[in-house]
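Visitor: Let me see the structure of the following:
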Amino acid sequence: MTIQHPVQRGGDRRGLFERLAENASNFTSSPAFLVVCLLLVGNFVAIHVVKPSVELELLAAGAMTCVTLLLLALLKNSELRAEHAIQRKLDAIAAALLEDYESRNGKGGKAVEDLRKAIRLEDQV
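Guide: Numbering: from 1, shown residues only. Reported below is the predicted structural model:
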């Protein structure tokens, strides 16, 4: 297991976790997921109102905690992938602007140099 950015782990090849994260992201944005969450919260509240046993209360709390942690991991993976994709698009736009400007004018000023330095800046951070 490596601790790298999700995009850097396998290049353009997507593994099982990446496919699972995408499918989970699609499911969590659906009305069916809202129903599942409402049922889970309703179950949690009902168990605390009825107070059958401590074990059932812990089971309900544990189920909500597991779902929360799983969603956190999947959401963070999707967020990092989206952030990387946006950064790559911005870099491509900046590079195209630089090429166009330099082909027309030959040399640029401070703004052109700042734009050149900003390309791939996220790799240094």
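Visitor: model confidence over the longest helix seen in the chain, on average?
Guide: Criterion DSSP state H: the longest helix present in the chain is helix 54-105. Helix 54-105 shows a mean pLDDT of 81 in the predicted model.
Visitor: Begin at 284 from now on, thanks
Guide: I'll keep to 284 as the first residue from here, and by that count the last item is helix 337-388.
Visitor: helix/strand/coil for residue 330?
Guide: Following DSSP: H, G, I helix; E, B strand; the rest coil, residue 330 is assigned to helix.
Visitor: ok, now which ones touch it?
Guide: When contacts are counted by C-beta atoms under 8 Å, 6 or more residues apart in numbering, residue 330 touches 339, 340, 343. Where C-beta positions appear, they are placed from N, C-alpha and C, glycine not excepted.
Visitor: Can you tell me the closest non-neighbouring residue to the first one?
Guide: It stands for residue 339. Closest residue to residue 339 apart from its sequence neighbours, by C-beta to C-beta, 6 or more residues apart in numbering: residue 330 at 5.4 Å.
Visitor: hang on, the earlier thing: are there helices or strands packed against the longest helix of the chain, and which ones?
Guide: Contacting helix 337-388 under the criterion 3 or more C-beta pairs under 8 Å, 6 or more residues apart in numbering; DSSP states H and E are the following elements: helix 289-293, helix 299-311, helix 314-333, helix 393-401.
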